[in-house]
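Participant: fold the following.
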Amino acid sequence: MIERRSLNGMDKEVFFELKAVGDIKGDFYVPSYQRGYRWGKTEIDRLLDDIYATGGTSNYCLQPVVLRRKDGKYEIVDGQQRLTTIYLIYKYMNIGSKGFLPSPQFSLFYETRDKQESFLKELDSSRRNENIDFWFICNAYENIQNWFENKNKQSVLTDINGYFDKIVKVIWYEVPANDDESAIDMFTRLNVGRIPLTNAELVKAMFLSEGANSGITREKKEEIALQWDNVERELHNDSFWFFLTNTTNGSFQTRIDLVLDLIANKPCDNREVYYTFFKFDSMRSEMCLEEIWRRIQHTFLILKDWYENHELFHKIGYLIASEYCTLQDVYDASKDKTKEAFGESLDDLIRDSIKIPENYSDLSYENATPKRKMTRLLLLFNVESVRRNGEKTQWFPFNLFKMDNNGRVVWSLEHIHAQQSKGLRKQEDQKEWIRYQLPSVQVVDNDSDLVLRMQAALKNPRLTGDEFNGIQEQVERKLSVPGSLDYLHCISNMALLNARDNAALNNSTFDVKRTEIVNMDKKGQYIPFCTKMVFLKYYTKSSDAQLHFWGPADREDYINAINIVLQQYLQSPIHFEKQEM
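Facilitator: Numbers count the residues shown, from 1 in each chain. Alright, predicted model coming up:
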């Protein structure tokens, strides 16, 4: 028998339990403030597909139903769509098996439709047009029938019926009858998501339960509640959070869910909403609640130790930020290993993340897989440069690298110097490109006819494509080092830039991008360490430095710097491509 538990939320006591669908019994009514039944084929097929996919070997949990006892019946505050669908599935299984399988063990009554209870029992399709609710119910029943018939196996009926008895469960969430909040207010708050019935809330309730078999003293419960809140608060440090994950907080209703999912070993592609809660509920048969709590604490402290360790922070942070590993992968790699062995495992994973069968110099921006390898390699170059340069005083800011104020990833692989620009077909983009290049052309040669052509083009209300192409060709010659253009898409001409959303800037020459980087730096905006060093000519020997151009000497020194910093991870040094004149 599943223990009944109390969930202290919303300043009231709420009882809940895990109940097998086959154990749902009683009389239920849907009050007038709720809309009628509206589930369609998509919702029904998804429910049945998910249940059938379990094969009867793993628990499947439905969204909660929220109820209140009233006059010997259950008032459905939330969950009527699910309960009605379950009722219709039972009806079909009973009819489809010719009475061998049971009919629903509960009844449904709709306050605004006094004939709906009898209609559900009879399911007379000739009455479907009497009202919109009957129409949706008839369609739903036909969708259920089609789903079973498409399986073309009689055993599916008995399989699903058996799953309902054993592994398909509902979180039974019952508000006391003497609750002074109106059902309408409660329904409204539930449906705008202001009662966070998350995995974390349900797991937390396990420890705060008033059940006789909880085995935890009141003092211990208060201690757990305080420690729980402290963990949640620490995870709201974005530096810590974005070290652990690439997702915004919107992916988790509470951040401690990340820790709980880690312990539950929840697969990334698992769609079961309460997968993690099920796992923790199962743990109760294997260990006491205090032991479960110690495991949560221990796991969190492991993550915190990684975060506070300068070397582990950068190596683990890179693996997660590069999307080569998930936090679960790293956590699994750490199990049953000494700190030294774990460090060696991380180094192996990092090597594998940038491992390629060909020469690094053959990687090209124009192909998706090599482009991904180049992105990882340059991210690693940035992270390792900060780690080595910082001597434990500087830390790579994964939170700033991953997200801007709008929650978007802003740093991507882009050309340091772009030529043969494409995609600037709109006049506003073309003029924006000219506007970006003009200051650089003026610095190089302010008295040239090209400056006058560019100024005139900016004033021309009808700039033609041919005129722009002619200006673009002259500008690129003026602001580029002469020679072969084979290097354009190679790693020696790539950096992590945030120009992806700006076509004009993305297609600009080195000097234009350098000016933009300097302006960003003056404003205090974050720029990846190595990107800043590239545009400040940090890697270029002073004797070869040409402030306004990105030439062969710059690219060669850039490659040498990458080779030095990433020496322990590269299969072989990156070879610099020789420019043909």
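Participant: flag every buried residue along the helix ranked longest in the chain.
Facilitator: Ranked by number of residues, the top helix in the chain under DSSP state H is helix 368-390. Buried residues in helix 368-390, defined by neighbour count with 16 or more other C-beta atoms under 10 Å: 370-387. Backbone N, C-alpha and C define where each C-beta goes, glycine included.
Participant: that one packs against which elements?
Facilitator: Packing partners of helix 368-390 (3 or more C-beta pairs under 8 Å, 6 or more residues apart in numbering; DSSP states H and E): helix 310-321, helix 339-353, strand 412-415, strand 494-497, helix 529-535, helix 552-565.
Participant: any idea how far it is from the chain center?
Facilitator: Between the centre of helix 368-390 and the centre of its chain there are 22 Å (C-alpha atoms, centre = their mean, to the nearest Å).
Participant: export it as CSV, just CAs?
Facilitator: The C-alpha coordinates for helix 368-390 follow below in CSV (Å, rounded to 0.1, in the frame of the first residue of the first chain):
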residue,chain,number,x,y,z
ALA,A,368,29.2,21.0,-41.0
THR,A,369,31.3,18.3,-39.2
PRO,A,370,34.7,20.0,-39.6
LYS,A,371,33.0,23.3,-38.6
ARG,A,372,31.8,21.7,-35.4
LYS,A,373,35.4,20.3,-34.7
MET,A,374,36.9,23.8,-35.4
THR,A,375,34.3,25.4,-33.0
ARG,A,376,35.2,22.9,-30.3
LEU,A,377,38.9,23.4,-30.9
LEU,A,378,38.7,27.1,-30.6
LEU,A,379,36.5,26.9,-27.5
LEU,A,380,39.1,24.7,-25.9
PHE,A,381,41.8,27.1,-27.0
ASN,A,382,39.9,29.9,-25.1
VAL,A,383,39.2,27.8,-22.0
GLU,A,384,42.7,26.4,-21.8
SER,A,385,44.3,29.9,-22.3
VAL,A,386,42.3,31.3,-19.4
ARG,A,387,43.1,28.3,-17.2
ARG,A,388,46.9,28.5,-18.0
ASN,A,389,47.1,32.3,-18.0
GLY,A,390,45.1,32.7,-14.8
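Participant: so after it, what's the next helix or strand?
Facilitator: Next along the chain after helix 368-390, taking DSSP states H and E as the criterion, comes helix 398-402.
Participant: can you list the neighbours in contact with that following helix?
Facilitator: 238-239, 241-243, 246, 317, 321, 409, 411, 526, 528 (C-beta atoms under 8 Å, 6 or more residues apart in numbering).
Participant: farthest pair within the residues you listed?
Facilitator: Pairwise distances across these peak at 19.3 Å for 241 and 528 (criterion: C-beta to C-beta).
Participant: higher neighbour count, the two?
Facilitator: residue 528 (24 against 21; other C-beta atoms under 10 Å).
Participant: what sits against that one?
Facilitator: Counted by C-beta under 8 Å, 6+ apart, residue 528 has contacts 382, 401, 411, 495-496.
Participant: at 6 Å instead, please
Facilitator: 382, 496 (C-beta atoms under 6 Å, 6 or more residues apart in numbering).
Participant: now it: how far from residue 558?
Facilitator: 14 Å (C-beta to C-beta, to the nearest Å).
Participant: assign the most centrally placed residue in the chain to helix, strand or coil.
Facilitator: In the chain, the residue lying closest to the centroid (C-alpha atoms, centre = their mean) is residue 247, at 4.2 Å. Classification of residue 247 by DSSP: H, G, I helix; E, B strand; the rest coil places it in coil.
Participant: same check on residue 508?
Facilitator: Per three-state DSSP, residue 508 ends up coil.
Participant: what is the neighbour count of it?
Facilitator: 27.
Participant: roughly how far apart are the closest residue to it other than its chain neighbours and residue 55?
Facilitator: Spatial nearest neighbour of residue 508, chain neighbours left out: residue 436 (5.1 Å); criterion: C-beta to C-beta, 6 or more residues apart in numbering. Distance from residue 436 to residue 55, counting by C-beta to C-beta: 59 Å.
Participant: who's more crowded, those two?
Facilitator: Taking other C-beta under 10 Å, residue 436 and residue 55 do not tie; residue 436 has more neighbours (21 against 10).
Participant: hang on, the more buried one in a helix?
Facilitator: Yes: the assignment for residue 436 by three-state DSSP puts it in a helix.
Participant: so how far is residue 518 from it?
Facilitator: For residue 436, the distance to residue 518 - C-beta to C-beta - is 14 Å.
Participant: ok, residue 441 next?
Facilitator: 17 Å.
Participant: of the two, give the one with the bigger neighbour count.
Facilitator: Neighbour totals were compared for residue 441 and residue 518, and residue 441 leads with 24 against 14 (other C-beta under 10 Å).
Participant: now name the helix or strand holding the more buried one.
Facilitator: Going by DSSP H and E, residue 441 is part of helix 427-445.
Participant: now do the helix or strand that that helix is followed by: everything it contacts.
Facilitator: Note on helix 427-445: by DSSP H and E, the next helix or strand toward the C-terminus is helix 449-459. Residues from elsewhere that reach helix 449-459, judged by C-beta under 6 Å, 6+ apart: 431, 434, 438, 441-442, 463, 471, 474.
Participant: for residue 518, give its distance to residue 525.
Facilitator: 11 Å.
Participant: drop anything exposed from the contacts of helix 398-402.
Facilitator: 238, 241-243, 246, 317, 321, 411, 526, 528.
Participant: among those residues, show me the least confident.
Facilitator: For the buried ones among the contacts of helix 398-402, the model is least confident at residue 411; its pLDDT is 80.
Participant: leaving out sequence neighbours, find the closest residue to that one.
Facilitator: residue 496 (4.6 Å).
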